[in-house]
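Asks: need a 3D model of the following:
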Amino acid sequence: MKNKIFTILFALAALLATTSCGREDIDYDRSTDAKGQINLKDLLVDIEEENSTRVVNTDEFTVRIIDVASGIIHKQWIYQNMPEIATLKVGNYLVEAYSHELEVAAFENPYYHGEQTFTIKENEVTKLNKLTCTFSNIKVTIEYESDLAFLLGDDVNVKVQIGEGVLNFAKAESRAGYFAADNDVNIMTAELTGTIDGEAMSLRKVFSDVKAGEHRAIKFSMKGSGSGDISEEGGAAVGIEIDADCTIYDKDVEIGVDEGVIEDDEEPTGPTDPVEPGDPVAPVIEGVGFDIEQPINVPADGMEIVVDMTSEIGFKNINVTIDSETLTDDILNDVGLGSQFDLANPGDLAEGLASLEFPIGDQVIGAKEIKFDITNFTPLLGIYGAATHRFIINVIDLEGNSTTKTLTLISE
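Replies: Below you'll find the predicted structure:
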């Protein structure tokens, strides 16, 4: 009996010893789970702008920390709510910041992204100072040579596609399109369809070597006159041939020209000089007493802001797009406005525009000078808090010459 009891006690002792060793192993594993810290207090998310007139607010950018080896996201914050210190396990990490979730294609929604790697060491504080986010989309704008613009029907549309991204630019579309860059080098197609000088026609162009960070300005123009039918992809209007070229801009400075091809035997065409605001035939948009190219800080009670627009020929359209961080479509509708409108053809917005003392309809068409006075509108900007508001003004004269300027207001 005693031997049996000793045997049981010995077995229990062995079991307890095994369990104890197991606990020691677990504790040992935990002891290797070394950690360090990252100092985020001085981390500055900065912007390398794709357009010198654009004001980018980084407060709502997303910042996240990713484990380099596993790809696991360990931390994520909105930039303005980011803590001063964060604790991480020892290892190699990547910190990235971006403006919003990347879309394959969107109007007036440029995507900014930046990243850098860092290492966390045991019981040490790693400091990050600056993270530069760069413009990472492909920006596309559509232009028409003045002689061609005069002949365009209202049904004219340009379908632009890069990868899976597709945007349709209507005749009066003045906004820029922003496309995701799927590869280091991308293919862009632009297909114009619609009525030109009363005849249905189409043109398809393909542009290669399109890269992220570029602004591609596609300009359509007339090649000249001919006789007989035009080839299927070269247009269908009798006596009119159209073509398109693509200019590359870097921060509003022309840096190169890409060549588009729709057929193997077609000779590439060079660029045509765009109509600049200083040319005699181009409309002019200027701030009254201020530089329209520079952002303006607007106090809570508003301020006087008048934009002067002149044309030697007379206006056909004055298109305005309101791109605001706080003024939603619902808010604008409450005051009789919309995020887009044409002062020459106000439609259902006529009453609201008139109540703000904007010239509309016959006051615009054919006029050679228009005062766009938004003084009565500026007190509304600050009601919903500090934000950036962009008024994209596109004016077109009776001969199709076009000028676009952006008025940027920052409410306090």
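Asks: helices along the protein, start to end?
Replies: 2-31, 146-149, 329-334, 350-355, 378-381 (DSSP state H).
Asks: weakest of those helices by average pLDDT?
Replies: Ranked by mean pLDDT, the helices of the chain bottom out at helix 2-31, with a mean of 40.
Asks: for residue 345, which non-adjacent residue is closest in space?
Replies: Residue nearest to residue 345 in three dimensions, not counting chain neighbours: residue 317, with 7.2 Å by CB to CB, 6 or more residues apart in numbering. For glycine as for every other residue, the C-beta is placed from the backbone atoms N, C-alpha and C.
Asks: can you give me the neighbour number for the one you found?
Replies: By other CB atoms under 10 Å, 20 other residues sit near residue 317.
Asks: distance check, it against residue 173.
Replies: Counting by CB to CB, to the nearest Å, the separation of residue 317 from residue 173 is 12 Å.
Asks: do residue 160 as well
Replies: Taking CB to CB as the criterion, residue 160 is separated from residue 173 by 11 Å.
Asks: which of those two has more neighbours?
Replies: For the pair residue 160 and residue 173, the greater number of neighbours falls to residue 160 (24 against 19), based on other CB under 10 Å.
Asks: any low-confidence regions in this protein?
Replies: Along the chain, the model assigns pLDDT under 70 to residues 1-32, 49-54, 224-239, 250-280.
Asks: look up how far residue 404 lies from residue 172.
Replies: Residue 172 sits 12 Å away from residue 404, going by CB to CB.
Asks: kindly report the same for residue 193.
Replies: As judged by CB to CB, residue 193 and residue 404 stand 23 Å apart.
Asks: for residue 212, same thing?
Replies: 23 Å.
Asks: can you check residue 216 too?
Replies: 16 Å.
Asks: neighbour count winner among the two?
Replies: residue 216 (24 against 19).
Asks: I'd say the residue nearest to residue 345 and residue 172 touch.
Replies: Yes - between residue 317 and residue 172 there is a contact under CB atoms under 8 Å: 6.4 Å.
Asks: which ones are touching residue 194?
Replies: Residues counted as contacts of residue 194 (CB atoms under 8 Å, 6 or more residues apart in numbering) are 152-153, 155-157, 171, 200-201.
Asks: export these as JSON lines, with columns for neighbour count.
Replies: Output for those, formatted as JSON lines (neighbours: other CB atoms under 10 Å):
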{"residue": "152", "neighbour count": "18"}
{"residue": "153", "neighbour count": "14"}
{"residue": "155", "neighbour count": "12"}
{"residue": "156", "neighbour count": "22"}
{"residue": "157", "neighbour count": "15"}
{"residue": "171", "neighbour count": "18"}
{"residue": "200", "neighbour count": "13"}
{"residue": "201", "neighbour count": "22"}
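Asks: could you count how many residues lie near the nearest residue to residue 39 once chain neighbours are set aside?
Replies: Leaving aside its sequence neighbours, residue 39 sits nearest to residue 127 (CB to CB, 6+ apart; 4.4 Å). When neighbours are counted by other CB under 10 Å, residue 127 registers 13.
Asks: show me the contacts for residue 127.
Replies: By CB under 8 Å, 6+ apart, the neighbours of residue 127 are 38-39, 42.
Asks: report the buried members of those residues.
Replies: Among the contacts of residue 127, those classed as buried by 16 or more other CB atoms under 10 Å are residue 38.
Asks: show me which of the contacts of residue 127 is closest to residue 344.
Replies: Relative to residue 344, the closest of these is residue 42; by CB to CB it sits at 51.0 Å.
Asks: distance of the closest one from residue 69?
Replies: For residue 42, the distance to residue 69 equals 27 Å [CB to CB].
Asks: could you pull up phi and psi at the spatially most central residue of the chain?
Replies: What sits nearest the mean C-alpha location of the chain, by CA atoms, centre = their mean, is residue 110, with 1.8 Å. Dihedral pair for residue 110: phi -60, psi 140, per degrees, to the nearest 10.
Asks: right, and it touches residue 139 too?
Replies: Yes - look at residue 110 against residue 139 with CB under 8 Å: they come within range, at 6.9 Å.
Asks: what about the strands in the stretch 151-300 of the chain?
Replies: For the stretch 151-300 of the chain, the strands defined by DSSP state E, counting those that start in this stretch occupy 157-162, 165-170, 177-180, 186-196, 199-210, 215-224, 241-250, 253-258, 284-287, 296-298.
Asks: make a markdown table from those and add distance to residue 325 to it.
Replies: Shown next, in a markdown table, are the strands of the stretch 151-300 of the chain (distance: least, CB to CB, whole Å):
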| stretch | distance to residue 325 |
| --- | --- |
| strand 157-162 | 26 |
| strand 165-170 | 22 |
| strand 177-180 | 17 |
| strand 186-196 | 29 |
| strand 199-210 | 29 |
| strand 215-224 | 23 |
| strand 241-250 | 25 |
| strand 253-258 | 27 |
| strand 284-287 | 21 |
| strand 296-298 | 13 |
